[in-house]
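[1] Predicted model, plus sequence, below.
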Amino acid sequence: SVEPTEAGDYRLCFDNSFSAVSEKLVFFELLFDGPHGDGDGDGDGDAWLEAAEPEDSLDVKIEDIKESIETMRSRLERSIQMQALLRAFEARDRKLQESNRGRVDFWSAVNLGALLLVALLQVYTLRSLFQEPRRPRT
């Protein structure tokens, strides 16, 4: 967990000094808790509310609508985060399955080669058992 101390861009660094030779799969997730603007970068998501200057009877309704919209927005953001998390899990699992398939294919080919070699050796051995020994000509 990182608490940002300053507004602005942050950079993530993934250290690969353990083993630069082997391949790695890295997964990370960014979760934003708390208010963080309306998405357009100007930070005045409530400016429309101040500009409207509603009457007292409408103020409660607007606050209810605003609260409902904010709840929907936070739930939608959480849904998007969960979908991204599920996509990352699916990508990790697919990579593992493809790696396993490659290993299975390799060892199946090795076993097939060994099977063919043993079959050829058996045929050769059987032929040599039933061949008559050659007699020298006199």
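    Thanks, I have it. Numbering: from 1, shown residues only.

[2] Quick check: residue 98 vs residue 89, distance?
    15 Å (C-beta to C-beta, to the nearest Å). Just so you know, the C-beta spots here come from the backbone N, C-alpha and C atoms, and that holds for glycine as well.

[3] now swap in residue 136 and tell me
    For residue 136, the distance to residue 89 - C-beta to C-beta - is 76 Å.

[4] repeat for residue 17
    27 Å.

[5] Of the two, which one has the most company?
    residue 89 (11 against 5; other C-beta atoms under 10 Å).

[6] helix or strand for the more buried one, which one?
    Take DSSP states H and E as the rule and residue 89 turns out to sit in helix 56-130.

[7] by contact count, what packs against that helix?
    Other helices and strands packing on helix 56-130, by 3 or more C-beta pairs under 8 Å, 6 or more residues apart in numbering; DSSP states H and E, are helix 47-52.
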